[in-house]
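Chemist: got a structure for you, letters missing:
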């Protein structure tokens with residue numbers, strides 16, 4: 001698995017969604033899959049890949065404009081300021097935080113690619129297990145690299161500013177019916193002005209260079225390829241294995257979203273379940289994700305229980321926690337009503353300096369996590385097949 005990760009990085013470097021490097025890496029992944037799979041295909045799709053992160057510029061401009069708009073004649077402008085910032089806050093939550101992509105129509109569509117390999121069982125197909133990761137890597141979160149936890153805090157402060165400014169202005173507008181908005185009720189406005197520079201960390205979120213993405217998420221694709229290798233030699237009885245390398249996950253789950261749209265009926269008919277692998281950095285932080293906070297997705301409890309049992313039987317330690325920030329490709333399946341689960345291998349309770357920075361490289365990857373996860377996944381798949 002580590003060799004696959006090393007090969008992709010040395011051949012293609014960073015792989016932003018929709019880039020030539022991403023396509024070349026997907027072609028290479030398809031070639032590797034062909035050694036083990038009965039059928040391999042690369043599928044192109046079009047999606048507004050810039051929509052998710054470029055929308056942050058819109059929300060920052062709305063925030064700054066509202067503060068400026070209030071500087072003169074605020075008594076006359078307060079209602080309009082409330083409405084403007086309120087619309088910004090709603091779309092920030094709806095489009096960006098919960099990944100619902102309602103502003104996609106504002107951005108041009110670009111091409112990206114998914115790769116899928118199939119391994120058929122010996123007998124009648126009764127279900128399908130999809131084991132997947134994403135091939136693309138993110139443009140560096142430059143504030144996170146240079147300022148570490150403080151850089152993350154700047155993003156959080158800006159986000160709270162976008163959401164709380166219209167709440168404050170709405171209260172202030174109501175108070176104008178009872179008293180002039182002066183003195184004590186005006187001081188929060190100056191707090192919002194004081195934190196406004198934090199929005200720069202959103203407006204200029206990305207650096208110029210993509211990261212290697214060794215951990216996030218060549219570990220997921222390498223694990224999927226390894227499962228193809230294992231189950232091409234040890235064919236299952238009634239379970240089809242699909243190994244998938246999603247494209248353009250970093251621009252907000254675009255590859256998995258396109259995959260679900262293209263194949264939903266097929267996936268329903270074959271009783272498919274997704275096991276998504278993302279960011280396997282180290283053994284001690286292997287985590288079965290029970291839900292995803294940003295996207296408001298909860299994974300099926302019976303699937304979580306089966307994965308827990310597999311980890312226990314394989315004698316592999318694990319945690320079971322919600323994903324507190326961001327999202328995984330499991331969300332695309334869950335939102336479409338398809339059973340899915342995600343496994344990560346990075347500490348989700350505190351900031352890891354390698355996450356979305358240039359430190360996401362082979363040097364900071366502990367292969368023990370991949371080997372332990374491999375044992376648990378083999379156990380899960382074998383248990384699943386026995387019960388078909």
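Modeler: Arrived safely. Treat the numbers as computed from the prediction; the structure is a model and nothing was measured.

Chemist: Contact partners for the nearest residue to residue 296 once chain neighbours are set aside?
Modeler: Spatial nearest neighbour of residue 296, chain neighbours left out: residue 98 (6.1 Å); criterion: C-beta to C-beta, 6 or more residues apart in numbering. C-beta: built from backbone N, CA, C; applies to glycine. By C-beta atoms under 8 Å, 6 or more residues apart in numbering, residue 98 lies in contact with 294, 295, 296.

Chemist: swap the cut-off to 10 Å and go again
Modeler: 92, 292, 293, 294, 295, 296, 297, 327, 331 (C-beta atoms under 10 Å, 6 or more residues apart in numbering).

Chemist: Tell me the buried residues in the helix or strand containing residue 60?
Modeler: Per DSSP states H and E: residue 60 is located in helix 51-69. Within helix 51-69, the residues scored as buried using 16 or more other C-beta atoms under 10 Å are 51-56, 58-60, 62-64, 66-67, 69.

Chemist: ok, and the helix or strand in this protein with the lowest average confidence?
Modeler: helix 74-91 (a mean of 89; mean pLDDT, DSSP states H and E).

Chemist: So what's the gap between that one and the chain middle?
Modeler: 31 Å (C-alpha atoms, centre = their mean, to the nearest Å).

Chemist: And the residue nearest to residue 296, what's its pLDDT?
Modeler: Looking at residue 98, its pLDDT stands at 97.

Chemist: got it, and residue 178?
Modeler: Per the predicted model, pLDDT is 75 at residue 178.

Chemist: now residue 182
Modeler: At residue 182, pLDDT is 60.

Chemist: just so I have it, where are all the helices in the chain?
Modeler: Remark: helices assigned in the chain by DSSP state H are 2-12, 20-33, 51-69, 74-91, 142-147, 149-175, 187-195, 200-203, 219-233, 254-269, 301-313, 330-335, 367-386.

Chemist: Nearest to residue 129, out of those?
Modeler: Nearest of the helices of the chain to residue 129, taken as C-beta to C-beta: helix 367-386 at 5.9 Å.

Chemist: what's stretch 262-272 in contact with?
Modeler: By C-beta under 10 Å, 6+ apart, stretch 262-272 touches 43, 45, 114, 116, 125-130, 239-240, 242, 244, 259-260, 273-274, 333, 336-340, 388.

Chemist: which of those count as buried?
Modeler: 43, 45, 114, 116, 127-130, 239-240, 242, 244, 259-260, 273-274, 333, 338-340.

Chemist: For the stretch 1-150 of the chain, give me the ranges with low pLDDT.
Modeler: Residue ranges of the stretch 1-150 of the chain with pLDDT under 70: 72-75.

Chemist: rerun that using 50 as the cut-off
Modeler: Under the criterion of pLDDT under 50, none of the stretch 1-150 of the chain is flagged as low confidence.

Chemist: got a pLDDT number for the nearest residue to residue 333 once chain neighbours are set aside?
Modeler: Using C-beta to C-beta, 6+ apart and skipping the chain neighbours, the partner closest in space to residue 333 is residue 340 (3.7 Å). On the pLDDT scale, residue 340 is placed at 98.

Chemist: How about the contacts made by residue 340?
Modeler: Contacts of residue 340 by C-beta under 10 Å, 6+ apart are 130, 132, 256, 260, 272-276, 289, 297, 299-300, 303, 328-334.

Chemist: Check residue 124 too.
Modeler: Counted by C-beta under 10 Å, 6+ apart, residue 124 has contacts 237, 238, 388.

Chemist: for residue 36, same thing?
Modeler: Going by C-beta under 10 Å, 6+ apart, the list of residues near residue 36 reads 117, 119, 225-233, 241, 243.

Chemist: Between these, which sits nearest residue 376?
Modeler: When those are ranked by distance to residue 376 (C-beta to C-beta), residue 227 comes first, at 11.4 Å.

Chemist: Let me see the domain layout of this structure.
Modeler: Under the assignment automatic domain parsing, the domains of the chain span 2-50+109-138+211-386, 53-103+144-206.

Chemist: and these, which is most packed in?
Modeler: domain 2-50+109-138+211-386 (a mean of 20; mean count of other C-beta atoms under 10 Å).

Chemist: Next, find the distance separating residue 249 from residue 269.
Modeler: 25 Å (C-beta to C-beta, to the nearest Å).

Chemist: for residue 188, same thing?
Modeler: For residue 188 relative to residue 269 (C-beta to C-beta), the value is 55 Å.

Chemist: Next: residue 387.
Modeler: From residue 387 over to residue 269 the distance is 19 Å, taken as C-beta to C-beta.

Chemist: just residue 386 next, same as before
Modeler: From residue 386 to residue 269 the distance is 22 Å (C-beta to C-beta).

Chemist: cool, and residue 135?
Modeler: For residue 135, the distance to residue 269 - C-beta to C-beta - is 27 Å.

Chemist: pLDDT score for residue 186?
Modeler: 78.

Chemist: Likewise for the one 3 residues further on?
Modeler: Residue-level confidence at residue 189 comes out at 90, pLDDT.

Chemist: what's the nearest residue to residue 173 if we skip its chain neighbours?
Modeler: Per C-beta to C-beta, 6+ apart, closest to residue 173 is residue 78, 4.8 Å.

Chemist: what do you get for residue 62?
Modeler: residue 88 (3.6 Å).
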